[in-house]
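>>> sequence and computational prediction follow.
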Amino acid sequence: MSLKGKTSVVTGSTSGIGLAIARALAAEGTNVVINGFGDPAAIEKERAGIESEFGVKAVYSAADLTKGSECAALVKFAEDTFGSVDVLVNNAGVQHVSPIEEFPDDKWDLIIALNLSAAFHAIKAAVPGMKARKWGRIINTASAHALVASPFKSAYVSAKHGIAGLTKTVALETATFGITCNAICPGYVWTPLVEKQIPDTAKARGMTEEQVKRDVLLAAQPTKEFVTVEEVAALAVFLASDAARSITGSLQQIDGGWVAE
């Protein structure tokens, strides 16, 4: 798909959706910068595995994306290492589930910083180079919650709605520079992020964890199946390709029909 030799930066890519996207882009020939928190040995295993499996270069950055300066530093690190940032995937995210009157202020600040502001800072840093090269792909991991709401997720839903607006705005600003900006809106994907929110959701709703899976999560998806990380990654690769050059400012649903209802 004409991605060989390009450079991808994927935030929140030490596990889950981000790691699947980083691996899929590497499979298409891009060098990759992975980023996120986790066990150093596990992260190194994934980084080395990308290099050995796909024959590309992969480097790791521990940038804390809740800080705008570190978002910019991540982009600079990639540019200094590989010469460019061609594909930027803003995927890092965190979740907290709580009734609005009990929602901790620090959790609100964290979720907005990581799920929304980090994307702004990274895009701001990457766009000048993309404009100079007349080519770039910005892909934001949004959510079905960029289009619809669910109770007890005030910060997450607000951040993802914000990502939708940011995506459209950046698309309009960069449309004549060979740059596209799109958002992927997954439904429930079986990832560590989803798995971790199940106990809190169960507590908030007074349900068992199995009831949450069946009656809350998959109840929203007509297919009654979780979306896979590989499916999301395949969509990201397509959006990064030249075949998708006329797709920009879009919110790409991959949600098992959730938002159709």
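That came in fine, so what should we check first? Numbers count the residues shown, from 1 in each chain.
>>> where exactly do the strands run in the stretch 101-250 of the chain?
All strands of the stretch 101-250 of the chain, identified by DSSP state E, counting those that start in this stretch, fall at 136-141, 179-186.
>>> residue 84: which of those strands is closest?
Evaluated over the strands of the stretch 101-250 of the chain, closeness to residue 84 peaks at strand 136-141, with 9.0 Å, by CB to CB. Quick note: C-beta positions are derived from backbone N, CA and C, even for glycine.
>>> walk me through which strands that closest one pairs with, and which way each runs.
With DSSP bridges as the test, strand 136-141 is paired with strand 87-90 (parallel), strand 179-186 (parallel).
>>> save the strands of the stretch 101-250 of the chain as a markdown table, and put in mean neighbour count, distance to residue 111 and mean pLDDT too.
What follows is the strands of the stretch 101-250 of the chain, written out as a markdown table (neighbours: other CB atoms under 10 Å; distance: least, CB to CB, whole Å; pLDDT from 0 to 100):
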| stretch | mean neighbour count | distance to residue 111 | mean pLDDT |
| --- | --- | --- | --- |
| strand 136-141 | 27 | 14 | 98 |
| strand 179-186 | 26 | 17 | 98 |
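>>> average pLDDT across stretch 169-177?
For stretch 169-177, mean pLDDT rounds to 98.
>>> buried residues, it. List them.
170-171, 174 (16 or more other CB atoms under 10 Å).
>>> any low-confidence regions in the chain?
1 (pLDDT under 70).
>>> just give the number of residues close to residue 58.
Neighbours of residue 58 under the rule other CB atoms under 10 Å: 23.
>>> which non-adjacent residue is nearest it?
Excluding its sequence neighbours, the residue lying closest to residue 58 (CB to CB, 6 or more residues apart in numbering) is residue 50, at 4.1 Å.
>>> please identify which helix or strand holds the one you found.
helix 40-54 (DSSP states H and E).
>>> quick check: neighbours of the helix or strand just after that helix in the sheet, parallel or antiparallel?
Sequence order places strand 58-61 as the next helix or strand after helix 40-54, per DSSP H and E. Sheet pairing of strand 58-61 (DSSP bridges) gives strand 31-35 (parallel).
>>> rewinding a little: make TSV from the strands of the stretch 101-250 of the chain and add distance to residue 83 to it.
Converted to TSV, the strands of the stretch 101-250 of the chain look like this (distance: least, CB to CB, whole Å):
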stretch	distance to residue 83
strand 136-141	14
strand 179-186	17
